[in-house]
Structures are given as C-alpha cells and as structure tokens.
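Participant: any chance you could fold what I've pasted below:
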Amino acid sequence: MTGDDVRRRPVTTTPRRAARPEETRDRLYAAAVEAFATKGFHGTTTRDIAAAAGMSPAALYVHHRSKEEILYRISRRGHETTLGIVRSARATPGDQVDRLRAVVREFVTYHARAHTSARIVNYELAALAPEHREEIETLRHAIDVEMQGVVRDGVDAGLFTCPEPRVAAAALLSLGVDVARWYRDGGAWSPETLAEHYADVAVRVVGAPAGR
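Facilitator: Okay, here's the model as predicted:
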C-alpha cells in the first residue's frame, strides 16, 4: 500500500447517538434543581440552567416554555411522589400505631434523601403561576387528608388521645417537611436513623400508649 493509498482511504467514525428527548429533559430537570437550590428560583436565570445542563439557552425552550414551567414540573413530581409514599405507607399491615410510624418513617426518609429537590418543592410555591399553584395545592390537600386519616383512625380505634387530629396531622407533616430545609448528606444521622426518631416523636404527638 502506497502513501497515496493511505491518504485516499476514507476516515470512518462511529456516529454519536443523539440524546433522546427524555434524556435532555432529565438533564435540564437536574440542572434546574441544583440551580434553584443554590440561587433560589428568582435568582436563577434560564441561562444558568442551560449552562449547567451543557446546552444553549435556546435548547431549553425546545423542552420547556419557561423557567416557571420547570419549577412546576419539579413541584408536581415531588408532590406526586410524596402522596404515593404516604398512601403506600398507610396501607402497611398492623394497627394504627404501626401505620402512623410507617407513614412518618417513609415521609421523613424521603425528605432527607431528596432534601435538595424537596426544599424547592416546599419553599418555592409562591413562584408558581396561579393555575399551577392551584394544581399543586390540590396535591398538598390530598397529602393532608391522608395524614389526617392516619391520625383519625387511631383516635377512632381508641389508640390515640390527641384532641385535635387535624392539628396533630399538620404538626407531623410540618416536622417532616422541615427536614429538607436543614438536612445535609454526611451528617450525624442517616435518613433511616432520623426517620426512626421522628416515628417515636409522632407516637408521642398523638398520645399513643407508652412503649409503642
């Protein structure tokens, strides 16, 4: 083979696989979570999100109409996940004390593990457009109803002695949500250890029998 033959040989390269739309959306989603958590919704620009995802600002608008729409999708996914967790834990076998412990344990574990996105989900609600805020409030109400049901079931069964089930349920949800505000990875407590402590607190809040 001569030198000319080598120069004339075509150069073959393996074509790079184009990212699927869902992969691109996931990258933008993850980038937005980090940006909102670091700078807050109002302090974050679409350029910040696109840059963190390794894209141009124009590419962002192919998948999302606005920065607010990304926040809405983060919030909707977080609330839907939370509602599913509470409903699943509420179906745990056992009596009402077992179910309360399961609900609080799973609720707290989720807010510790997903503390970055959970912070955005719970503390950036005011930035949502009215129609999106209404949808999210519906999901939040459904979560409230589930927790209230857990507490009322225990009161009806004679296992809980709290005089105001709605107040007790609101307190337990607030305690769990607040975990996302202060929890950080690598701290003194793992999500599971923290969740067990919160389950113990929940039993005391509702006035369940000692030793449970």
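Participant: may I have the helix or strand where residue 172 lies as CSV, with CA atoms only?
Facilitator: Per DSSP states H and E, residue 172 falls inside helix 165-182. What follows is helix 165-182, C-alpha atoms only, in CSV (Å, rounded to 0.1, in the frame of the first residue of the first chain):
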residue,chain,number,x,y,z
PRO,A,165,-56.4,15.2,64.9
ARG,A,166,-56.1,17.9,62.2
VAL,A,167,-53.6,19.9,64.3
ALA,A,168,-51.6,16.8,65.1
ALA,A,169,-51.5,15.8,61.4
ALA,A,170,-50.4,19.3,60.4
ALA,A,171,-47.7,19.2,63.1
LEU,A,172,-46.3,15.8,61.9
LEU,A,173,-46.3,17.0,58.2
SER,A,174,-44.5,20.2,59.2
LEU,A,175,-41.9,18.4,61.1
GLY,A,176,-41.2,16.0,58.2
VAL,A,177,-41.1,18.8,55.6
ASP,A,178,-38.7,20.9,57.6
VAL,A,179,-36.2,18.0,57.4
ALA,A,180,-35.5,19.1,53.8
ARG,A,181,-34.6,22.6,55.0
TRP,A,182,-31.7,21.6,57.3
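Participant: what are the contacting residues of that helix?
Facilitator: Residues outside helix 165-182 that contact it (C-beta atoms under 8 Å, 6 or more residues apart in numbering): 104, 107-108, 111-112, 114-115, 118-119, 121-123, 143-144, 147-148, 150-152, 155, 160, 162, 194, 198, 201-202, 205-206. Glycine gets a C-beta too; all of them are placed from N, C-alpha and C.
Participant: does anything pack onto the lengthiest helix in the chain? Which helices or strands?
Facilitator: If you go by DSSP state H, the chain has its longest helix at helix 130-156. If you count contacts as 3 or more C-beta pairs under 8 Å, 6 or more residues apart in numbering; DSSP states H and E, helix 130-156 packs onto helix 67-90, helix 96-113, helix 165-182.
Participant: again, only using 10 Å
Facilitator: helix 67-90, helix 96-113, helix 115-123, helix 165-182, helix 191-205 (3 or more C-beta pairs under 10 Å, 6 or more residues apart in numbering; DSSP states H and E).
Participant: please identify the most buried of those helices.
Facilitator: helix 96-113 (a mean of 23; mean count of other C-beta atoms under 10 Å).
Participant: so how far is residue 145 from residue 129?
Facilitator: For residue 129, the distance to residue 145 equals 24 Å [C-beta to C-beta, to the nearest Å].
Participant: could you do residue 176 as well?
Facilitator: Computed with C-beta to C-beta, the distance linking residue 176 and residue 145 is 16 Å.
Participant: okay, the angle between the strand or helix carrying residue 28 and helix 67-90?
Facilitator: Residue 28 belongs to helix 21-39 when elements are defined using DSSP H and E. Between helix 21-39 and helix 67-90, the angle comes out at 90 degrees (axes from the mean of the first three to the mean of the last three C-alpha atoms, to 10 degrees).
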